[in-house]
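> Sequence first, predicted model second:
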Amino acid sequence: MHAPQNHRSAGAVEAFTEIMGRKHVLTSARATARYTTGDRFGAGEVLAVLRPGSLVDMWRALQVCVDHDLIVITQAANTGLTGGSGPGDQDYDRDIVIISTLRIDQIHLLHDAREAICLAGSTLFALEEKLAPHGREPHSVIGSTSIGASVVGGIANNSGGTQIRKGPAYTEQAIFARVDEHGQIQLVNHLGIDLGSDPTHILDRLQRGQWDAADVTPPPPDSTGTAYAEHVRELADSPARFNADPTFLHEASGSAGKLMVFAVRTRTFPLEEDKATFYIGTDRPADLEGLRRAFLAAEGPLPISGEYMSSHAFNLAVTYGKDTYVSLKHVGSRTLVRMFALKSWANGVFAKMPGMGPSVADTISQKLFALIPEKIPPRLVEFRDRFAHHLLLVVSGSQREETTQLLEQFFAAPEHEGAFFECDADEAQSATLIRFGVASAASRFFAMHRSEASAMVTFDVALRRDDEDWLEVLPPEIADQLLESVYFGHFFCHVLHQDHVAKKGVDPVALKKQMTALLEDRGAAVPAEHNFGRIYPAPEPMIEHFQQLDPLNMFNAGVGDTSPRKRWA
């Protein structure tokens, strides 16, 4: 058990136990490890991990935290890539309590499923399942959905998702607690649902879905997209979406854990059953940018998604992301979520054993899945071998003919090089899952090459919308410090992910600063959609936003490389 560093912490664990029972108050290092260690970054000690089963218990636990002068990290699935959903290696002046919301996972649908009330621990995967019978889908439909990420986490972190028409996860309708500068807890209900005035009564009714239709404000107009699509079309000298963009900061949205969010109200989208998927290859990055601009300038709706990966990324995904690719293709998201949880638990157990390490479960998974034969569709293999750069383009079925025509005309022009084909169902599924597998491939590469590597250096970059020279070419003095590099991302938004593995002996912090300076010199913004966590310093306007939400610096103290101390000292 973590020894309290704050004398006021004494008695807090007993108070938590009275609220939710001993079973759901975790204090040992082994029991808390999966909550205190980030997926890629961040780890630290906590006084306790709490697993409340109700919103009322969350509220009561927060009061105990205030009374005992504790830092609170509200955590859902802990799937974040930047360490912001757990503690870090920072100079905290108070003990930390993680409040895990996963047991509070109810989802209530409104207005014929056009909207959803998602409680603190509800996942994107569960929302997707709940909406499917109604012919609807959530904001995100691949990626975070498949590893169990929460709805509230996506909104708190401005998650972008793959779908061009939808933009960042955002809502102005939420119910949350904040602690004011006097240490008083305020429950703020901006859900647009009248639930009364007493906090415990409000939260109990909310969890049970107990309200009358007359108590709920009307839904927004129904559509397949948002105003974000027109924003992307503007080839301005600024990024389309990034975490510090004030356009997408409002209370729970972009809060990065600086509030305790109990639930959010989000719109849902009509599910497009008829889609057409095109696979595009070229050796020239400039041709992909020309194609992007042709689609942005075209009449009619934008494509649903346009995902970039290099041929090298394709190969890395097939080799090091095979367990993700195969599991999603043959057994589905539910099993993959369980596999991620099992792997994290097993790595935590093995890490404490003599002679083992933090990647034993990754090694086992890598070797097991290497034995499984998996036939990649021949045309995908052909394009992988033929072209250096790939674009996976998904459009509405009604846009199939005009998309084919636009692509034919584009590649028929003598100044362009490349080719395309329309995927059949198996090709479309395989290509999508390979692209998703890229996201975990570099992490697995690092796990399998720890003897040669010092650390992962990752970026989540929002390029200028008008940046023609979009694909970074690193100078030799930086490239020589890297063992592996992979580039992929949401091409039409100009949001790219970069996963690098630094060589043994390289200082990853100094290297990241060098690489960040190169990006910022180009007018890019970092981070784009994974939030600041424990690896990105927040800019001054973002710090002001955090301070307004959390004047005592009680929630998720230290996020964005800010002060971890009380009242932002």
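Looks like it arrived, so ask away.
> Return the set of buried residues in stretch 231-240.
Residues of stretch 231-240 classed as buried by neighbour count (16 or more other Cβ atoms under 10 Å): 232-233, 239-240. C-betas here are computed from N, CA, C, even on glycine.
> which one of the residues you listed is nearest F410?
Set against F410, the nearest of the buried residues of stretch 231-240 by Cβ to Cβ is R233 (17.6 Å).
> thought that closest one was touching G300?
No. Look at R233 against G300 with Cβ atoms under 8 Å: they stay out of range, at 11.7 Å.
> circling back to that earlier point, and the buried residues of stretch 231-240 as TSV, adding secondary structure and distance to M456?
Converted to TSV, the buried residues of stretch 231-240 look like this (DSSP: H, G, I helix; E, B strand; the rest coil; distance: Cβ to Cβ, whole Å):
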residue	secondary structure	distance to M456
V232	helix	29
R233	helix	34
P239	strand	23
A240	coil	26
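> Roughly how far does the residue nearest to F532 when sequence neighbours are not counted sit from H389?
Spatial nearest neighbour of F532, excluding adjacent residues (Cβ to Cβ, 6 or more residues apart in numbering): G560 at 3.6 Å. For G560, the distance to H389 (Cβ to Cβ, to the nearest Å) stands at 33 Å.
> Wait, a strand at A77?
No. Assigned with DSSP: H, G, I helix; E, B strand; the rest coil, A77 falls outside any strand and is coil.
> Specify the local secondary structure of H390.
Relying on three-state DSSP, one would call H390 strand.
> Let me see the mean pLDDT of whichever helix or strand D385 is part of.
According to DSSP states H and E, D385 maps onto helix 378-386. Helix 378-386 shows a mean pLDDT of 97 in the predicted model.
> Could you list every helix and strand in contact with it?
strand 275-282, helix 311-320, strand 419-422, helix 425-448 (3 or more Cβ pairs under 8 Å, 6 or more residues apart in numbering; DSSP states H and E).
> Distance from the chain centre to the longest one, please.
Taking Cα atoms, centre = their mean, to the nearest Å, the mean C-alpha location of helix 425-448 is offset from the chain mean by 16 Å.
> What of stretch 505-525?
21 Å.
> Then stretch 236-248?
17 Å.
> List of residues touching it?
157-158, 160, 167-168, 170, 228, 231-232, 254, 462-466, 493-495, 523-532, 538-539, 541-542, 545 (Cβ atoms under 8 Å, 6 or more residues apart in numbering).
> what do you get if the cut-off is 7 Å, keeping everything else the same?
158, 160, 167-168, 170, 231-232, 254, 462-466, 493-495, 523-525, 527-529, 531-532, 539, 541-542 (Cβ atoms under 7 Å, 6 or more residues apart in numbering).
> Going by neighbour count, which of those residues are buried?
For these, buried by 16+ other Cβ under 10 Å: 158, 160, 167-168, 170, 232, 254, 462-465, 493-495, 524-525, 527-529, 531-532, 542.
> Next one: P199 relative to I478, how far apart?
52 Å.
> which one of the two has more residues nearby?
P199 (21 against 15; other Cβ atoms under 10 Å).
> Spatially, what comes nearest to the more buried one if we skip its sequence neighbours?
That would be L187: by Cβ to Cβ, 6+ apart, it lies 4.4 Å from P199.
> just checking, what packs against the helix or strand containing that neighbour?
According to DSSP H and E, L187 maps onto strand 185-189. On a contact count with 3 or more Cβ pairs under 7 Å, 6 or more residues apart in numbering; DSSP states H and E, strand 185-189 meets helix 55-67, strand 174-179, helix 199-208.
> export stretch 458-468 as PDB, just CAs?
C-alpha atoms of stretch 458-468 as PDB (Å, rounded to 0.1, in the frame of the first residue of the first chain):
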ATOM      1  CA  THR A 458       5.400   9.500 -30.800                       C
ATOM      2  CA  PHE A 459       3.600  12.500 -32.400                       C
ATOM      3  CA  ASP A 460       0.000  13.400 -33.100                       C
ATOM      4  CA  VAL A 461       0.400  16.200 -35.600                       C
ATOM      5  CA  ALA A 462      -2.100  18.600 -37.100                       C
ATOM      6  CA  LEU A 463      -0.500  20.000 -40.300                       C
ATOM      7  CA  ARG A 464      -1.700  23.200 -41.900                       C
ATOM      8  CA  ARG A 465      -4.600  22.600 -44.200                       C
ATOM      9  CA  ASP A 466      -2.700  24.300 -47.100                       C
ATOM     10  CA  ASP A 467       0.600  22.400 -46.500                       C
ATOM     11  CA  GLU A 468       1.600  20.900 -49.800                       C
END
